[in-house]
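In: Structure for the following, please:
(one chain, ligands or ions: 1)
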Amino acid sequence: MLTRGMAAILSYVLATAPAGAALPRLPSAPTGGAAGDGAGVIADISQILFIGATAIFVVVMALVAVALFGPASARRRLASPALIVGAGIAFPVVALTALLVYVLSAGSSMAGDGAAPTVRIAVKGELWWWRVRYLDASGAALFDTANDIRIPVGAWVEFELTSDNVIHSFWVPELGGKLDMIPGRVNRMRVRAQTAGTFTGQCAEYCGAQHANMKFHVVALEPDAYRAWQEAQARPAEARPAEAQPAPPSEPTLRRGEQVFLQACAQCHTVRGTDARGTLGPDLTHVGSRLSLAAGVLPNNVGALAGWIAGSQHIKPGNPMPSFNQLPGEDLRAVARYLEGLK
Ligand SMILES: [Cu+2]
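Out: Just a heads-up that it's a prediction; the model follows:
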């Protein structure tokens, strides 16, 4: 009765658990979305804890049922000191010690068992976006980008996580665990993607008004595609007419866009290869190549660019970028076209 009810609930829970993967925005590793070593380990640990805890719960409920409703002889046996010592002390000590050993060893395999990372990426939590800096083997900066991280499939990647403001938390559920970004500390997380794909990340520690709008992407690429991307990102900007446009923007439009950008935006944004060297906001050298804008809030296209520039305070109220709603329409279009062309 009681146990049969539990079994029915358990089978229901197990049957519906994989459906969690249907949450489109942020799939979670324990429900079947693991694409990285760390996420796989977390999924295994979750499963063992879940199944073990359920089994223990079922047994305890069965014993409670016997104690309440069972025949007198069975109830007397439940009161024996051997059962109390065995099930009440010895079993928890053995079970918890075994779990501790298992979780500690799983944790060290999540960190790549000490192998040297192939790619090093420093990520800084900003209000409310992600400053991303690729590093070479000696720790020197290769290039900066924002909210859009690309990694090679099958290689260990080390993230150096920091913050200069409040505590953020770096989390890509399909790839690995969750790690806080704490002012004054460098926390390191290792990740290895097993399959190519695009994985969504999210700040997982409340950090202020736009915390929920602090997302990012991690794209795992085949090694050749990764190398090509890395080389393109390291190059300075080269404004090009965007392809596949019904009417590609003319050269004068792009030049006008660059002028507006240097006047109105350069104090906060860098475009490598121009005089724009501001560092308060994201590096925009290759902003046209990103998957989204403003930390996962907008799609990346010319309309969204113009919308963000004119209405950034409407889209992410309280963020440090003012709305440029007084820009003449022509300048707004020109600067949006210019940024779109920065592939
Ligand atoms: Cu945050």
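
In: Quickly note the distance from the closest residue to the ion within the stretch 51-200 of the chain to residue 295.
Out: At 3.4 Å from the ion, residue 168 is the closest residue in the stretch 51-200 of the chain, using C-beta to the ion. C-betas here are computed from N, CA, C, even on glycine. Distance of residue 168 to residue 295, computed by C-beta to C-beta, to the nearest Å: 11 Å.

In: Comparing the two, which shows the higher neighbour count?
Out: For residue 168 versus residue 295, neighbours defined as other C-beta atoms under 10 Å are more numerous around residue 168 (29 against 25).

In: Any idea what that one is bridged to?
Out: Beta bridges link residue 168 to residue 181 when assigned by DSSP bridges.

In: following the helix or strand of the chain at the bottom of the mean pLDDT ranking, which helix or strand shows up next?
Out: Using mean pLDDT, DSSP states H and E, the weakest-scoring helix or strand in the chain turns out to be helix 2-16, at a mean of 47. Of the helices and strands lying after helix 2-16 in sequence (DSSP states H and E), the nearest is helix 37-69.

In: chain center to that following helix: distance?
Out: Between the centre of helix 37-69 and the centre of its chain there are 29 Å (C-alpha atoms, centre = their mean, to the nearest Å).

In: for stretch 202-218, same thing?
Out: Chain-centre distance of stretch 202-218: 9 Å, with C-alpha atoms, centre = their mean.

In: What does the pLDDT read for the closest residue to residue 182 other than its chain neighbours?
Out: Residue nearest to residue 182 in three dimensions, not counting chain neighbours: residue 167, with 5.5 Å by C-beta to C-beta, 6 or more residues apart in numbering. If you check residue 167, the pLDDT there is 97.

In: Where does the residue nearest the centre of the chain sit: helix, strand or coil?
Out: Nearest to the mean C-alpha position of the chain, by C-alpha atoms, centre = their mean, lies residue 201 at 2.2 Å. Following DSSP: H, G, I helix; E, B strand; the rest coil, residue 201 is assigned to strand.

In: these two touch, right, it and residue 170?
Out: Yes. Judged on C-beta atoms under 8 Å, residue 201 makes contact with residue 170 at a distance of 6.9 Å.

In: Now do the shared contacts for these two.
Out: Both residue 201 and residue 170 lack any common contact, where contact means C-beta atoms under 8 Å, 6 or more residues apart in numbering.

In: where's the residue nearest to the residue nearest to the centre of the chain when sequence neighbours are not counted relative to residue 285, distance?
Out: Among residues not flanking residue 201 along the chain, residue 172 sits closest, at 4.1 Å (C-beta to C-beta, 6+ apart). Counting by C-beta to C-beta, the gap from residue 172 to residue 285 is 24 Å.

In: Residues of the stretch 51-200 of the chain that sit close to the ion?
Out: residue 168 (C-beta under 5 Å from the ion).
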